[in-house]
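Colleague: I'll drop the sequence and a predicted model, then ask my questions.
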Amino acid sequence: DNVPQSALTTNAIKLLGIHHPTNINALWENTELEFSPNGLTVIYGRNGSGKSGYAKILKKYVVDTIVLLHNALEEDKKTLGFTDEDIESIRVEDFEFKYIDTKEEKQEAKIKQKDMNRYIAAIDLGTTKIVTIVAEVSSNGVKVIGYNQAPYQGGIMRGNVVNIQKCLETLLPTLDCVNEQINTMPDSDPRQISEVYVGISGHHLNCIENTLHRNRNISTSRQLINQEEVQTMIDEMFNTPVDAKEQVLEVIPQSFNVDEQIGCSNIIGMDGDTIEAKFKLFVGKVSSVNHIKLVLNRANLTLKKMYLSSIASAEAVLTDDEKELGVMMIDIGAGTSDVVVYYDNIIRHIAVIPFAGNAITQDIRLTCEVSFKNAELLKRQHGSCLSEQAQENKHIAIRDKYGNITQEIPYKYLAETIEEETGLRVPVFPKYRP
């Protein structure tokens, strides 16, 4: 009864997805579960990720012997539970089961998906601003077709989302602006951002090392090592036990030993009976990840992938030669400073220092007895951390809204303030040796 009549006219019915499971178990309302039109789809994840919830939905509409439970945490929902009568009234349409019953519809869906894959949307949740950007990918490269940023203060501290509502109120106008930009392009169909990449940073990130030993069985050892086998080892590292309040965010292979071959950076195409792999694991707080997901969920966005902001910055500014010869990139933001170390084209270390531009601004505010706004202007327009180069008798005038001078600050004093702050806080990095 729950299958559309149009689907019954064909020989085969395929379930391609379940969308927006409202108030079912503890499933996110804006999540989407897609099924492959051909072959077998394997659904996996950690405890509490929603596997059982989706399985019950499927059983309900295929076997009809399962009682769906409401989300006990969503007290603001109008429907707090399901009676037998409620269950009978729920239709497939409520869960947006998608059927494709003709070759034309399959082709149209395939073309539409291919078209959407041309676009990449990303969001940067910074301490002082939120940025939304959309790019179009083609054979000619990547072209930015939408960009907007909005100033932001108070909702994110040192890379961590602390006020979800403030963050959302700043994010939504940037999304509206970018959606308008991409829909005003010539020869473009109406589209809206739905999936995004999001960067994560914060002083809660830390780096640990782990080693994986693998004995290849007889059938496997006769085959050459391929990318899939390496990827299974990386995936296994994501399940490394960490603190209950933490999770592995990124795994970077450092080196591989295959039998007697020691210190290999790329083992694809090699053969051997044993593999020993060394990894760097970058770990962050579960709460920080969940807060970002909550912001996206309330903005009706799906998280495509979460990446470390420091890695994205390094990929954007470092050359291949620099990454091969060895380089340290320091990205000084408002709340934190990200550090990435490359050597031999491999990320060797990542760190997040809880010292950045706002710390200097705050020190100027207190030392020079000015407002935060004026302290930021002093830093941007006249700041220097080399006091010996500052002019002795030159002053900076602070004026009120009527243009009257209310205060004069010596260049030398401002430079000494900044120099002292940076000298006390910025650590001296020892020479890195891989």
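Modeller: Great, that's in hand.

Colleague: any residues touching stretch 251-269, and which ones?
Modeller: Residues outside stretch 251-269 that contact it (Cβ atoms under 8 Å, 6 or more residues apart in numbering): 209, 224-227, 230, 233-234, 237-238, 270-282, 344-348. All C-beta spots, glycine's among them, are computed from the backbone N, C-alpha and C.

Colleague: ChimeraX command to pick out the buried ones of those residues?
Modeller: Typed into ChimeraX, the line below selects the buried ones among these, using 16 or more other Cβ atoms under 10 Å:
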select :225,230,233,237,272,275,277,279,280,281,282,346,347,348
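
Colleague: Just the contacts of stretch 251-269: which are in strands?
Modeller: Among the contacts of stretch 251-269, the members falling in strands are 209, 274-282, 346-348 (criterion: DSSP state E).

Colleague: Which helix or strand in the protein has the lowest average pLDDT?
Modeller: When the helices and strands of the chain are scored by mean pLDDT, DSSP states H and E, helix 84-89 comes last with a mean of 37.

Colleague: Tell me which stretches of the stretch 151-300 of the chain form helices.
Modeller: Assigned by DSSP state H, counting those that start in this stretch, the helices in the stretch 151-300 of the chain fall at 164-183, 218-221, 227-238, 286-298.

Colleague: Please dump those into TSV; it should also carry distance to residue 407 and mean pLDDT for every row.
Modeller: Formatted as TSV, the helices of the stretch 151-300 of the chain follow (distance: least, Cβ to Cβ, whole Å; pLDDT from 0 to 100):
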stretch	distance to residue 407	mean pLDDT
helix 164-183	32	90
helix 218-221	74	61
helix 227-238	54	93
helix 286-298	40	91
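
Colleague: where does the protein have low pLDDT?
Modeller: The chain contains residues with pLDDT under 70 at 1-13, 23, 25-26, 28-30, 46-49, 60-117, 153-154, 186-190, 218-221, 424-434.

Colleague: for residue 333, what are its contacts?
Modeller: Residue 333 is in contact with 126, 127, 159, 201, 356, 357, counting by Cβ under 8 Å, 6+ apart.

Colleague: ok, 7 Å please
Modeller: Contacts for residue 333 (Cβ atoms under 7 Å, 6 or more residues apart in numbering) come out as 126, 127, 356, 357.

Colleague: What about the last one, how many residues nearby?
Modeller: For residue 357, the neighbour count with other Cβ atoms under 10 Å is 19.

Colleague: same question, the second one
Modeller: Residues lying near residue 127 (other Cβ under 10 Å) number 22.

Colleague: which SS state does the residue lying closest to it once chain neighbours are set aside fall under?
Modeller: In space, and not counting its chain neighbours, residue 127 is closest to residue 335: 3.4 Å by Cβ to Cβ, 6 or more residues apart in numbering. Classification of residue 335 using DSSP: H, G, I helix; E, B strand; the rest coil returns coil.

Colleague: Where does residue 124 sit, in terms of helix or strand?
Modeller: strand 119-125 (DSSP states H and E).

Colleague: who does the helix or strand that that strand is followed by pair up with?
Modeller: Sequence order places strand 129-138 as the next helix or strand after strand 119-125, per DSSP H and E. Next to strand 129-138 in the sheet, as set by DSSP bridges, lie strand 119-125 (antiparallel), strand 141-151 (antiparallel).

Colleague: Buried deepest among these, which one?
Modeller: strand 119-125 (a mean of 20; mean count of other Cβ atoms under 10 Å).

Colleague: quick one: that one to chain centroid distance?
Modeller: 9 Å (Cα atoms, centre = their mean, to the nearest Å).

Colleague: Next, the angle helix 164-183 makes with that strand.
Modeller: Orientation check (axes from the mean of the first three to the mean of the last three Cα atoms, to 10 degrees): strand 119-125 against helix 164-183 gives 150 degrees.

Colleague: coming back round to it: any chance of the strands paired with strand 129-138 in a markdown table, with distance to residue 175 too?
Modeller: What follows is the strands paired with strand 129-138, written out as a markdown table (distance: least, Cβ to Cβ, whole Å):
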| stretch | distance to residue 175 |
| --- | --- |
| strand 119-125 | 8 |
| strand 141-151 | 8 |
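
Colleague: Between those, which one is closest to residue 174.
Modeller: With Cβ to Cβ, the closest approach to residue 174 among the strands paired with strand 129-138 belongs to strand 141-151: 4.4 Å.

Colleague: Could I have the CA atoms of that closest one written out in CSV?
Modeller: Extracted in CSV, the C-alpha atoms of strand 141-151 (Å, rounded to 0.1, in the frame of the first residue of the first chain):
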residue,chain,number,x,y,z
GLY,A,141,40.2,23.8,-13.0
VAL,A,142,38.3,25.3,-10.1
LYS,A,143,36.4,28.6,-10.4
VAL,A,144,34.8,30.4,-7.4
ILE,A,145,31.2,31.3,-8.3
GLY,A,146,29.9,32.4,-4.9
TYR,A,147,31.5,34.1,-1.9
ASN,A,148,30.3,35.9,1.2
GLN,A,149,31.6,36.6,4.7
ALA,A,150,30.1,38.2,7.7
PRO,A,151,31.8,39.7,10.8
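
Colleague: Which residues does it contact?
Modeller: Outside strand 141-151, the residues touching it (Cβ under 7 Å, 6+ apart) are 128-136, 170, 173-174, 177-178, 181-182, 185.
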